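Student: Curious how this folds, go ahead:
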Amino acid sequence: MSDKLRIGITIGDYNGIGPELILKTLSNKLVLNYCTPVVYGNTYVFKHYAQLLNINPITFNIVKKKEDVKDGAVNLRFCNEDRINITPGEPSIEAGKFAFDALELAVEDVKEGIIQNILTAPIDKKSTTDAGLPFNGHTQYFAQKFESNVQMILVDDDLRVAMVTGHTPLNSVSSALTSEKITESIKSMYTHLQSDFGIKKPKIAVLGLNPHGGDNGLMGSEEINLIKPVIEALNKNDVIAVGPYSPDGFFGSNNVKNFDGVIGMYHDQVLTPFKQTSFANGINYTAGLPIVRTSPDHGTAYDIAGKGIASISSFVGALYLINKIHRNRLKFYDSSTTPLPYKDHRREKFSIGVPDLN
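Tutor: Predicted coordinates for the structure are as follows:
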């Protein structure tokens with residue numbers, strides 16, 4: 001095997017923009033200087049979209065076993081040979097099953113050594129759940145498959161955000177918060193910032209739960225009784241955490257630029273400001289896995305599926321981030337490993353990210 005990473009790319013929902021993202025990204029041959037892609041889908045879907053979007057079709061190298069994978073080529077693993085009906089912009093259980101099959105084969109191939117890391121195109125959660133995926137999304141799926149405690153981190157260059165309660169209904173957030181959960185979330189992010197992002201002494205901002213950070217107990221006591229004691233205890237153990245901050249003032253004042261990571265108490269508290277500034281470039285990273293798994297931080301975009309106008313910025317960024325994290329992990333866990341210079345990868349990212357696709 002060459003030094004290039006073998007990155008599995010799952011097709012996601014074929015009625016969404018996943019096939020378009022893959023076709024546009026892998027039509028730039030510079031990508032092959034950076035990694036060896038192994039796509040999980042079938043030729044029928046990609047031929048259909050290449051014709052529909054007037055994009056040059058990709059010549060795939062078909063992979064049936066590990067030895068078939070070729071560097072310098074776009075490889076394809078058939079994840080499903082069922083007769084399918086492609087209806088851009090319309091969810092279907094059929095498309096959900098196809099996306100699920102792609103995930104299952106990619107995970108199997110990681111364990112067999114065919115690929116090393118995974119980039120997932122967007123899925124429709126309801127379609128995949130109806131088709132048999134026993135989890136509400138990629139994050140929980142990978143956590144179960146690799147028996148790992150994971151943390152979802154949203155990334156856009158130096159902006160990194162995570163949350164304590166994840167996909168918890170808003171009316172259950174307060175009761176779901178515990179000192180242990182807050183502590184674990186902050187400690188996990190601290191560790192991932194070190195091992196995966198190469199930051200020796202991360203500085204993490206911690207947000208409060210209530211309006212105006214509780215205003216000294218007038219609008220809620222979680223900041224006083226839960227969050228602040230956790231921060232103080234962590235500081236005594238050399239974890240640099242600061243807060244709790246009132247979320248509106250924190251993001252509005254650009255204080256976020258003074259930190260390496262941000263921990264919020266619930267999903268929309270950090271995702272809303274993140275997507276406001278990083279919707280086109282945001283990346284979803286599942287930290288805590290033995291592999292590197294990333295995804296663009298957007299959904300299936302049914303409203304523009306099949307129209308040829310989807311931006312590949314987030315998808316390309318997710319592809320690049322895999323290499324960056326892989327390199328940082330090697331450096332963190334093996335001091336004898338010398339990573340490639342960061343500046344070279346910045347140039348490579350720029351080259352990959354702005355191909356002439358017109």
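Student: tell me the average confidence for stretch 103-113?
Tutor: For stretch 103-113, mean pLDDT is 96.
Student: how about that stretch as PDB, C-alpha atoms only?
Tutor: C-alpha atoms of stretch 103-113 as PDB (Å, rounded to 0.1, in the frame of the first residue of the first chain):
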ATOM      1  CA  LEU A 103     -22.300   2.700   5.200                       C
ATOM      2  CA  GLU A 104     -22.400  -1.000   6.100                       C
ATOM      3  CA  LEU A 105     -19.900  -2.000   3.400                       C
ATOM      4  CA  ALA A 106     -17.600   0.900   4.100                       C
ATOM      5  CA  VAL A 107     -17.400   0.000   7.800                       C
ATOM      6  CA  GLU A 108     -16.700  -3.600   6.900                       C
ATOM      7  CA  ASP A 109     -14.000  -2.500   4.500                       C
ATOM      8  CA  VAL A 110     -12.300  -0.400   7.300                       C
ATOM      9  CA  LYS A 111     -12.200  -3.500   9.500                       C
ATOM     10  CA  GLU A 112     -10.800  -5.600   6.500                       C
ATOM     11  CA  GLY A 113      -8.100  -3.000   5.800                       C
END
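Student: what residue ranges in this protein score low on pLDDT?
Tutor: Applying pLDDT under 70 to the chain flags the ranges 1-2, 335-358.
Student: Centre-most residue in it?
Tutor: The C-alpha lying nearest the average C-alpha coordinate of the chain belongs to residue 284 (CA atoms, centre = their mean; 2.5 Å).
Student: My reading is that it lies in a helix. Confirm?
Tutor: No. Counting by DSSP: H, G, I helix; E, B strand; the rest coil, residue 284 is located in no helix; its state is strand.
Student: OK, contacts around it?
Tutor: 138-139, 152-155, 294-297, 318 (CB atoms under 8 Å, 6 or more residues apart in numbering). No exception for glycine: its C-beta is placed from N, CA and C like everyone else's.
Student: give me that answer again for 7 Å
Tutor: Going by CB atoms under 7 Å, 6 or more residues apart in numbering, residue 284 touches 152, 154, 294-295, 297.
Student: List only those of those residues flagged as buried.
Tutor: Among the contacts of residue 284, the ones that count as buried by 16 or more other CB atoms under 10 Å are 152, 154, 294-295, 297.
Student: any chance of the contacts of residue 284 in JSON lines, with distance to residue 272 and secondary structure too?
Tutor: Below are the contacts of residue 284 laid out as JSON lines (distance: CB to CB, whole Å; DSSP: H, G, I helix; E, B strand; the rest coil):
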{"residue": "152", "distance to residue 272": "15", "secondary structure": "strand"}
{"residue": "154", "distance to residue 272": "11", "secondary structure": "strand"}
{"residue": "294", "distance to residue 272": "21", "secondary structure": "strand"}
{"residue": "295", "distance to residue 272": "19", "secondary structure": "strand"}
{"residue": "297", "distance to residue 272": "13", "secondary structure": "coil"}
